[in-house]
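S.K.: Just to be clear, the model below is a prediction. Sequence and coordinates:
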Amino acid sequence: MKALLLESIHPFAESILREAGFEVETRTGALDEPELVEALQGVDLVGIRSKTEITPAVLEKSAGLTAIGAFCIGTNQIALDEAAARGIATFNAPFSNTRSVVELAIAEIIAMARRLTEKDSSLHDGVWDKNSKGSHEIRGRKLGIVGYGNIGSQLSVVAEMLGLQVFFYDTDDKLAMGNAHRCDSLEELLETAEVITLHVDGRSGNAGFFGAEQFAKMRERALFLNLSRGFVVDYEALRENLLSGHIAGAAVDVFPTEPKKRGDAFHSPLQGIPNVILTPHIGGSTEEAQEDIGRFVASKLRDYVQRGTTTLSVNLPSLTLEERPGGRRITHLHRNTPGVLAKVNSILAEHGVNIEGQLLNTRGENGYVVTDVPQLPDAAVADLQAMPETIQLRVIGG
Ligand SMILES: NC(=O)c1ccc[n+]([C@@H]2O[C@H](COP(=O)([O-])OP(=O)(O)OC[C@H]3O[C@@H](n4cnc5c(N)ncnc54)[C@H](O)[C@@H]3O)[C@@H](O)[C@H]2O)c1
């Protein structure tokens, strides 16, 4: 089987897949739609990061694809439902770079509170600007976290250790960590906190959800951070609030349109404004995080191909499966309608196949049943394949 890894994925991924018997091709940059379709011909597994878009058109023209590895956290660059409807499993690394993002957010909060970027550039320009005006400790300050998921909740813990008072708002009912205070509305959080940091996910409903109205509700001279997704914030509105002085500083790591490759030109309305830290989507880009992502996602892809395991798949029903030495394993992804399991089992019974083990799980429109059998006649495989509910049938081992 062949794997294509794009966007400079950590070499750990390549070695895990090679060791598992894959032929692996690696490329440094992202590919646009026509380039991607061409590159995917004859490819079974594709590994991407946040810049490559796997659209419905790409999926339609890439018939051999078995699984997609998103070597990052976000998966909104992938048409997940269409992939599931074609039986293509998708995996990501939801936890590997959480700590890296948290550490950057903390560093930036301190840097903005101390106006470090201004002091640094003055001194590089030969100006000794020793002055405490406008510089603050963060101890005791009120931090407002919007989105209390993997990153937001870990930031909450680390920020409390530094003496910040933590407030958060999440659309889901999330358990508060430590002494953090849950706000009942975004408005309550905006009116309370002196630093607002966004850690919401990239669902399409979040497009532009933070704009002029939300900045207006923030406290005078508050600080703002966005290390989540670029399209959730109206950066023209942020620019106006920075220029008027209502917002005292901002740290932005993500942008609505980001250059595809290292070295490409970049433009943003936030460039050139004092006490604004702009970073090129590096929140999760540490060597530690990349190494862990490479290991984590490549292992998920390998285990899916070799065992049928779908643990933590973002688009297929989840089944955790042991290795199956000897014998055969049938993985059957199907439309989730009543009676499919009975049909599978009656086909196997008709062909005299004994079932040694079986697991089923469903997720939305799809069902996934995995059956371990000692042997499997070709005619049984053909009958399972011919079931109208079958989306994808794989036979592993033997
Ligand atoms: N800058 C980087 O390099 C970098 C690295 C990793 C992750 N990220 C981004 O960080 C974000 C958070 O990642 P995570 O792993 O913590 O995600 P997560 O899914 O664990 O948490 C997101 C949380 O936001 C909440 N949420 C969604 N929409 C909301 C809204 N409008 N208001 C309030 N709460 C809302 C969800 O309920 C959830 O609890 C994602 O957008 C991810 O893509 C960026």
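M.R.: Nice, thanks for sending it over.
S.K.: next SSE after the biggest helix by length in the chain?
M.R.: Determined from DSSP state H, the single longest helix within the chain is helix 287-307. The C-terminal neighbour of helix 287-307 among helices and strands, as given by DSSP states H and E, is strand 328-335.
S.K.: quick one: the longest helix of the chain to strand 328-335, angle?
M.R.: Following axes from the mean of the first three to the mean of the last three CA atoms, to 10 degrees, one obtains 100 degrees for the angle between helix 287-307 and strand 328-335.
S.K.: May I see the buried residues of helix 287-307?
M.R.: 289-290, 292-307 (16 or more other CB atoms under 10 Å). For the C-beta atoms, the positions are set from N, CA and C on the backbone; glycine is no exception.
S.K.: distance between it and the chain's centre?
M.R.: 14 Å (CA atoms, centre = their mean, to the nearest Å).
S.K.: That helix and the ligand in contact?
M.R.: No. Helix 287-307 lies apart from the ligand when judged by CB under 6 Å from any ligand atom; the minimum separation is 8.1 Å.
S.K.: cool, and stretch 42-57?
M.R.: No. Using CB under 6 Å from any ligand atom, stretch 42-57 never reaches the ligand; the gap is at least 7.7 Å.
S.K.: Which single residue of the stretch 1-150 of the chain approaches the ligand most closely?
M.R.: Per CB to the nearest ligand atom, G149 is where the stretch 1-150 of the chain lies closest to the ligand, at 1.7 Å.
S.K.: Quick check: that residue vs H199, distance?
M.R.: Using CB to CB, to the nearest Å, one obtains 7 Å as the distance from G149 to H199.
S.K.: Repeat that for L5.
M.R.: When L5 is compared with H199 (using CB to CB), they lie 28 Å apart.
S.K.: Measure how buried P56 is and give me the count.
M.R.: One way to gauge burial is a neighbour count; for P56, by other CB atoms under 10 Å, it gives 13.
S.K.: what does the protein put close to the ligand?
M.R.: Neighbours of the ligand within the chain, by CB under 6 Å from any ligand atom: 73-74, 94, 97, 101, 146-152, 169-172, 174, 199-202, 206, 209, 227-229, 253-254, 281, 283-284.
S.K.: ok, which stretches of the protein are helices?
M.R.: Across the chain, reading from the start of the chain, the helices by DSSP H fall at 11-19, 33-39, 56-60, 80-85, 98-113, 116-124, 150-161, 186-192, 212-217, 235-244, 287-307, 340-350, 378-386.
S.K.: for the last one, packing partners?
M.R.: With contacts taken as 3 or more CB pairs under 8 Å, 6 or more residues apart in numbering; DSSP states H and E, helix 378-386 sits against strand 328-335, helix 340-350, strand 390-396.
S.K.: The second one packs against which elements?
M.R.: By that I understand helix 340-350. Identification of packing neighbours for helix 340-350 by 3+ CB pairs under 8 Å, 6+ apart yields strand 366-373, helix 378-386.
S.K.: Just say which of these is most tucked in.
M.R.: strand 366-373 (a mean of 22; mean count of other CB atoms under 10 Å).
S.K.: Run through the residues that contact the residue of the stretch 151-300 of the chain at minimum distance from the ligand.
M.R.: Of the stretch 151-300 of the chain, the residue with the smallest distance to the ligand, taken as CB to the nearest ligand atom, is G283 at 2.6 Å. For G283, the residues meeting the contact criterion (CB atoms under 8 Å, 6 or more residues apart in numbering) are 97, 100-101, 104-105, 227, 253-254.
S.K.: Same check on E356?
M.R.: Taking CB under 8 Å, 6+ apart, we find E356 in contact with 327, 372-374.
S.K.: Can you tell me how far it is from the ligand?
M.R.: With distances defined as CB to the nearest ligand atom, to the nearest Å, the gap from E356 to the ligand amounts to 38 Å.
S.K.: same deal with T390?
M.R.: Distance of T390 to the ligand, computed by CB to the nearest ligand atom: 32 Å.
S.K.: isn't that residue right up against I330?
M.R.: No. At 11.0 Å, T390 and I330 do not qualify as touching, with contact defined as CB atoms under 8 Å.
S.K.: what touches both of those two?
M.R.: Shared between the contact lists of T390 and I330 (criterion: CB under 8 Å, 6+ apart) are residues L384.
S.K.: Excluding covalently adjacent residues, which one is nearest to F91?
M.R.: Nearest-residue entry for F91: K300, 4.0 Å, with adjacent residues in sequence omitted and distances by CB to CB, 6 or more residues apart in numbering.
S.K.: List the residues that contact that neighbour.
M.R.: Contact criterion CB under 8 Å, 6+ apart gives 69, 91, 309, 311-313 as the residues in contact with K300.
S.K.: got a pLDDT number for it?
M.R.: Note on K300: pLDDT of 97.
S.K.: can you check G327 too?
M.R.: The per-residue pLDDT reported for G327 equals 88.
S.K.: dump the residue contacts of it.
M.R.: The contact partners of G327, by CB under 8 Å, 6+ apart, come to 356, 372-375, 397-398.
S.K.: Now the phi/psi pair for it, please.
M.R.: The phi and psi values for G327, taken as degrees, to the nearest 10, are phi 70, psi -180.
S.K.: thinking again about what came up before, need the helices of the chain in a markdown table (columns: distance to L319).
M.R.: A markdown table is the format used below for the helices of the chain (distance: least, CB to CB, whole Å):
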| stretch | distance to L319 |
| --- | --- |
| helix 11-19 | 21 |
| helix 33-39 | 29 |
| helix 56-60 | 22 |
| helix 80-85 | 14 |
| helix 98-113 | 25 |
| helix 116-124 | 49 |
| helix 150-161 | 23 |
| helix 186-192 | 37 |
| helix 212-217 | 41 |
| helix 235-244 | 42 |
| helix 287-307 | 10 |
| helix 340-350 | 13 |
| helix 378-386 | 17 |
